[in-house]
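In: I would like to see how this sequence folds:
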Amino acid sequence: MPAYTYEMVRENSRIPAHFDYVHSPECTIPAHWHEYMEILMIISGHLTAVIQAKTYELSSGDILIINSNDIHMTQTSASKTDYILLQISAKSLQQFFPNFASLHFVTWIPRNAASACSDAAESLASVSPPSDSIALHDRTVSVHLSPAFYLLEMLDIYEKKEDGYPLLFTARLHDLLYCLYKNYSYWLTPDSQKAAHRDILRIIQTMDWVGEHYREPLTLDDAAGNLGLSREYFCRIFKKYTGQTFLEYVNDIRVMRFHDELLYSDDSITNLMSSHGISNYKIFLRTFKKLYGETPQKMRKQLSAD
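Out: I've put the predicted structure just below:
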């Protein structure tokens, strides 16, 4: 599938997941999806995420869970944002949860809920599942260490890489999954799974179409007509599920593809812009700085110096 719609995730060597400690400058990652479940814990700074039409504002100590195949976009603030990133494949999760497709994890675990298990029950009352889904598992919150504890333990283990660390890391990963399953998950009903399925497929189809045709002139009417929808309805559902307007998304994809080629090409910036369907320099420059924090000229100069 085209890049930036479906994200390919690579697992770290020797551990059954992708794990990283990210130091992110101001950065926007446009709407995309992947079959990996993704967990982020903010260490410092601020992150905004739009996931399946809902917006979340996260700061230090907050945990975000992006369920498998959820459409999402993220944006970090002007100051540096540090966070733990963990991605686990659906295939791995299906080993533990045979009905994984119907299992949904709570998206946002706020700091006061993630810091201690004694707060978890109160958190679940405020972060309840949709009304048409089965209630959270019928249990009292188990006296277990918090998701934050396990993620920080995993970070310490991964950074030290002492003898046998893959075994200990994997053990903590299983502890984390058990904690999330027992305290922060619920089962979806067939009706709730079908509710937004049609519109989500439309968004994914549009993303794929943009990935294939981004070098060409693309309009709202083209995108809506491609799906047989009115312009107004298409605009509404695209913004709802991606957090961006259609034209913002197209600009992001063009600039990201431009950036990829800028890193390896000696062609002029003007020619690269033209070959990637970019005609408005003012919008291009604003989008490039939003995504990468600097101008393409400055980036190329730094690359030449290196």
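
In: Got the confidence number for residue 115?
Out: Among the per-residue scores, residue 115 shows a pLDDT of 51.

In: typo on my end, residue 63
Out: For residue 63, the predicted pLDDT is 97.

In: quick one, helices of the stretch 151-300 of the chain?
Out: Here the stretch 151-300 of the chain has its helices, by DSSP state H, counting those that start in this stretch, at 165-183, 190-195, 197-213, 220-227, 231-242, 246-262, 269-275, 281-292, 296-305.

In: Just say which of those helices is most tucked in.
Out: Comparing the helices of the stretch 151-300 of the chain by mean neighbour count (mean count of other C-beta atoms under 10 Å), helix 246-262 comes out on top with a mean of 20. Where you see a C-beta, it was placed from the backbone N, CA and C, and this is true even at glycine.

In: wait, which of the helices of the stretch 151-300 of the chain is closest to residue 45?
Out: Ranking the helices of the stretch 151-300 of the chain by their distance to residue 45 (criterion: C-beta to C-beta) puts helix 281-292 first, at 16.5 Å.

In: Packing partners of that closest one?
Out: Contacts defined by 3 or more C-beta pairs under 8 Å, 6 or more residues apart in numbering; DSSP states H and E place helix 281-292 against strand 27-32, helix 246-262, helix 296-305.

In: coming back round to it: I'd like the helices of the stretch 151-300 of the chain as JSON lines, with mean pLDDT appended.
Out: Shown next, in JSON lines, are these (pLDDT from 0 to 100):
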{"stretch": "helix 165-183", "mean pLDDT": "96"}
{"stretch": "helix 190-195", "mean pLDDT": "66"}
{"stretch": "helix 197-213", "mean pLDDT": "89"}
{"stretch": "helix 220-227", "mean pLDDT": "95"}
{"stretch": "helix 231-242", "mean pLDDT": "91"}
{"stretch": "helix 246-262", "mean pLDDT": "93"}
{"stretch": "helix 269-275", "mean pLDDT": "95"}
{"stretch": "helix 281-292", "mean pLDDT": "91"}
{"stretch": "helix 296-305", "mean pLDDT": "86"}
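
In: so which of those helices comes closest to residue 27?
Out: Smallest distance to residue 27 across these (C-beta to C-beta): 6.6 Å, for helix 281-292.

In: tilt between that closest one and helix 246-262?
Out: Using axes from the mean of the first three to the mean of the last three C-alpha atoms, to 10 degrees, one finds that helix 281-292 and helix 246-262 are set 70 degrees apart in direction.

In: Let me know the angle separating helix 281-292 from strand 27-32.
Out: 100 degrees.

In: what sits up against helix 281-292?
Out: Contacts of helix 281-292 with the rest of the structure, by C-beta atoms under 8 Å, 6 or more residues apart in numbering, involve 26-28, 251-252, 254-256, 258-259, 273, 278, 295-296, 299.

In: In three-state terms, label residue 48 for me.
Out: At residue 48, secondary structure determined by DSSP: H, G, I helix; E, B strand; the rest coil is strand.

In: Tell me what the residue lying closest to it once chain neighbours are set aside is bridged to.
Out: Excluding the flanking residues, the one nearest residue 48 by C-beta to C-beta, 6 or more residues apart in numbering is residue 75, at 4.6 Å. Counting by DSSP bridges, residue 75 forms beta bridges with residue 28, residue 48.

In: Let me know the pLDDT of the nearest residue to residue 102 once chain neighbours are set aside.
Out: Among residues not flanking residue 102 along the chain, residue 188 sits closest, at 5.1 Å (C-beta to C-beta, 6+ apart). Per-residue pLDDT puts residue 188 at 83.

In: And for residue 188, the neighbour number?
Out: Residue 188 is flanked by 20 other residues according to other C-beta atoms under 10 Å.

In: Perfect, I'm done here.
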